[in-house]
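Undergrad: return atomic coordinates for the entry below.
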Amino acid sequence: MEGKNTAMLAYIPFVGFLIAYFINAEDKNEFATWHIKNMFGIFLLFFSALVIQAQVHSLSGDLLWGLTFGFWIFSFIMAAKFKKTGIPYLSSRFQEWFQFLS
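TA: Sure thing, here's the model as predicted:
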């Protein structure tokens, strides 16, 4: 169960993610690192949804925001259950793309 609290902390928007990242920088827990990378990807999806909503199409941005919100809730629950289960397809990509967070 080591790293569970840090992983759950990562899903608290903005500040929690940064705190979890710096806590994990010292301890380097694999489970926490997995969830930190996953939350970073979810954060980028949230940001993309806001940009799309403001600049492209309001309804499309709202739909992406709602979908991303569901991903965020699901991922938080998986961290609480101590599982490395995430968003189908995207979580595995997040692990590859965000190696700099390791």
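Undergrad: going by C-alpha atoms from here, please, whenever you check contacts or count neighbours.
TA: Will do.
Undergrad: mind listing the strands for this structure?
TA: In order along the chain, the chain carries no strands (DSSP state E).
Undergrad: the residue nearest the centre of it and residue 79, how far apart?
TA: Nearest to the geometric centre of the chain sits residue 39, at 1.2 Å (Cα atoms, centre = their mean). Per Cα to Cα, to the nearest Å, residue 39 is found 11 Å from residue 79.
Undergrad: low-scoring pLDDT stretches of this protein, where are they?
TA: 1 (pLDDT under 70).
Undergrad: rerun at 90
TA: 1-3, 13-14, 17, 26-28, 84-88, 101-102 (pLDDT under 90).
Undergrad: and the longest helix for it?
TA: helix 30-55 (DSSP state H).
Undergrad: quick one on the thing from earlier: for residue 57, see how far away the residue nearest to the centre of the chain is.
TA: For residue 39 relative to residue 57 (Cα to Cα), the value is 25 Å.
Undergrad: list the residues that contact the residue lying closest to residue 61 once chain neighbours are set aside.
TA: Take residue 61 and drop its neighbours on the chain: the residue closest to it by Cα to Cα, 6 or more residues apart in numbering is residue 53, 3.8 Å away. For residue 53, the contact set (Cα atoms under 8 Å, 6 or more residues apart in numbering) comprises 59-62.
Undergrad: weed out the non-buried ones from those.
TA: For the contacts of residue 53, a burial check counting by 16 or more other Cα atoms under 10 Å picks out 61-62.
Undergrad: how about the helices in the chain?
TA: 4-10, 15-27, 30-55, 58-80, 90-97.
Undergrad: any idea which of those helices is most buried?
TA: Mean neighbours per residue, mean count of other Cα atoms under 10 Å, is largest over the helices of the chain for helix 4-10, with a mean of 23.
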